[in-house]
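Asks: Could you look at this predicted model? Sequence included:
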Amino acid sequence: AQTVTQSQPEMSVQEAETVTLSCTYDTSESDYYLFWYKQPPSRQMILVIRQEAYKQQNATENRFSVNFQKAAKSFSLKISDSQLGDAAMYFCAYRSDFGNEKLTFGTGTRLTIIP
Amino acid sequence: ETGVTQTPRHLVMGMTNKKSLKCEQHLGHNAMYWYKQSAKKPLELMFVYNFKEQTENNSVPSRFSPECPNSSHLFLHLHTLQPEDSALYLCASSQEYRQNNSPLHFGNGTRLTVT
């Protein structure tokens, strides 16, 4: 079974600075998808960024980028120029490419932005 | 404005009560999901419906009973719950089931407290 580990329960960063959230996962599969979701106080989970395992190039979405290290099974999220609206819980998630819809989530990292 | 609406936002119920959670999606999606989010635990997938048919039940106790009358509506009927069932219940939808280019769209959740 796949597992996703987020070893940082809480992180904080100064506004306008850069922060990196860590995620590691365990799988025996070679094809899969990885996601970062954001959950602000409104509680709605919002997709931040997605990475296909077969792509070597790291995904980027505006200020958000990932460092995908397939051999190390690592998938970190970098937030550049942090803004107050980035404060939220961030969840890393894994999904197999073998037709299984089940998303396996990590336990989350609470990100605080310091003004 | 979220395309997935959940009601009620908060619910407190006794162990002998019967209540229902409602989810409605306005996105024209074909698949709908119930997730349970407990403190300090990863999100747990409970049920998946595709075109109104239940396709997954992840060993959820029978005191949780889902209903999907059409592709836009999903209910979770609750009866004889236990205090450990207290959690945030999240509904999600996606365009297609088992389609990895089809991201999940979440609602704001129902915060359930069982007394």
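Replies: The structure has been received and is ready for your questions.
Asks: May I see the buried residues of stretch A:59-76?
Replies: Of the residues in stretch A:59-76, A:59, A:64-66, A:68, A:73, A:75-76 count as buried by neighbour count, 16 or more other Cβ atoms under 10 Å in any protein chain shown. Where you see a C-beta, it was placed from the backbone N, CA and C, and this is true even at glycine.
Asks: And for residue B:27, nearest residue in space, chain neighbours not counted?
Replies: residue B:3 (4.2 Å; Cβ to Cβ, 6 or more residues apart in numbering or on different chains).
Asks: Likewise for residue B:60?
Replies: Nearest residue to residue B:60, sequence neighbours excluded (Cβ to Cβ, 6+ apart): residue B:46, at 4.9 Å.
Asks: how about the helix or strand hosting the one you found as PDB, C-alpha atoms only?
Replies: Here residue B:46, judged by DSSP states H and E, is contained in strand B:44-50. What follows is strand B:44-50, C-alpha atoms only, in PDB (Å, rounded to 0.1, in the frame of the first residue of the first chain):
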ATOM      1  CA  GLU B  44      -9.800   8.900   4.400                       C
ATOM      2  CA  LEU B  45     -11.800   8.100   1.400                       C
ATOM      3  CA  MET B  46     -15.200   6.700   2.400                       C
ATOM      4  CA  PHE B  47     -17.400   6.300  -0.700                       C
ATOM      5  CA  VAL B  48     -17.200   6.900  -4.500                       C
ATOM      6  CA  TYR B  49     -20.100   7.200  -6.800                       C
ATOM      7  CA  ASN B  50     -19.800   7.300 -10.600                       C
END
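Asks: Just checking the helix or strand following it against chain A, any contact.
Replies: Counting by DSSP H and E, the next helix or strand C-terminal to strand B:44-50 is strand B:53-57. Yes - among the residues of strand B:53-57, B:55-56 lie within reach of chain A under Cβ under 8 Å from any Cβ of the partner chain.
Asks: how about strand B:53-57: buried residues?
Replies: Of the residues in strand B:53-57, residue B:56 count as buried by neighbour count, 16+ other Cβ under 10 Å.
Asks: wait, residue B:74 sits on residue B:49?
Replies: Yes - the criterion here is Cβ atoms under 8 Å, and residue B:74 meets it with residue B:49 at 6.4 Å.
Asks: residues near residue A:37, how many?
Replies: The tally of other residues near residue A:37 (other Cβ atoms under 10 Å in any protein chain shown) stands at 25.
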